[in-house]
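Visitor: here you go, sequence then predicted model.
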Amino acid sequence: MAEERGATTIADRVVSKIAAQAAREALGGVPEGGAAPHAGVVVDHDVARVRIGVELDYPSDIGAQCGAVRHRVVQRVHALAGMDVPEVVVRVERLHSVHTRAAQGRIT
């Protein structure tokens, strides 16, 4: 059988890029003035454990957005890399307030 003749290895950094892009998709983009999601991944055979750092708009439903990120990351990593993802840790690193941006744009 063909699958017994070799192996396919997917580097952690590749899975990390898939996870970061999936987080961006789940959030619908990057907040104005914010940084794109970034991911750290540990791969052990066909299992990936993922940590995602995100910046969100404020106010927003932080719990719902983090849940959407977890769901999308699991879905995309499984679909594109064929790996199970038993754990996705989402860290909210910064909130971007519409009010703060408006105040920074004002000339005093």
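Guide: Yep, that arrived.
Visitor: average pLDDT across the top helix by length along the chain?
Guide: As assigned by DSSP state H, the longest helix anywhere in the chain is helix 62-81. Here helix 62-81 scores 98 as its mean pLDDT.
Visitor: what about the strands in the chain?
Guide: Here the chain has its strands, by DSSP state E, at 38-44, 47-58, 84-97.
Visitor: which one of those strands lies nearest to Gly28?
Guide: Gly28 lies closest, by CB to CB, to one member of those: strand 47-58, at 9.8 Å. For every residue, glycine as well, the C-beta is placed using N, CA and C.
Visitor: strands paired with that closest one, and their directions?
Guide: strand 38-44 (antiparallel), strand 84-97 (parallel) (DSSP bridges).
Visitor: right, so these: which one is the most enclosed?
Guide: Most buried of these, by mean neighbour count (mean count of other CB atoms under 10 Å): strand 38-44, with a mean of 18.
Visitor: how far off centre is that strand?
Guide: 10 Å (CA atoms, centre = their mean, to the nearest Å).
Visitor: thinking again about what came up before, Arg72: which of the strands paired with strand 47-58 is closest?
Guide: Using CB to CB, the strands paired with strand 47-58 put strand 84-97 closest to Arg72, at 9.3 Å.
Visitor: what lies in contact with the closest one?
Guide: 19, 23, 31-35, 46-59, 62, 66, 69-70, 73-74, 77-78 (CB atoms under 8 Å, 6 or more residues apart in numbering).
Visitor: before we move on, what about stretch 62-72?
Guide: By CB under 8 Å, 6+ apart, stretch 62-72 touches Ala22, Ala23, Glu25, Ala26, Leu27, Pro37, Ile52, Val54, Leu56, Val88, Val90, Val92.
Visitor: quick one: buried residues of the longest helix of the chain?
Guide: Within helix 62-81, the residues that qualify as buried by neighbour count (16 or more other CB atoms under 10 Å) are Gln65, Cys66, Ala68, Val69, Arg70, Arg72, Val73, Val74, Arg76, Val77, Leu80, Ala81.
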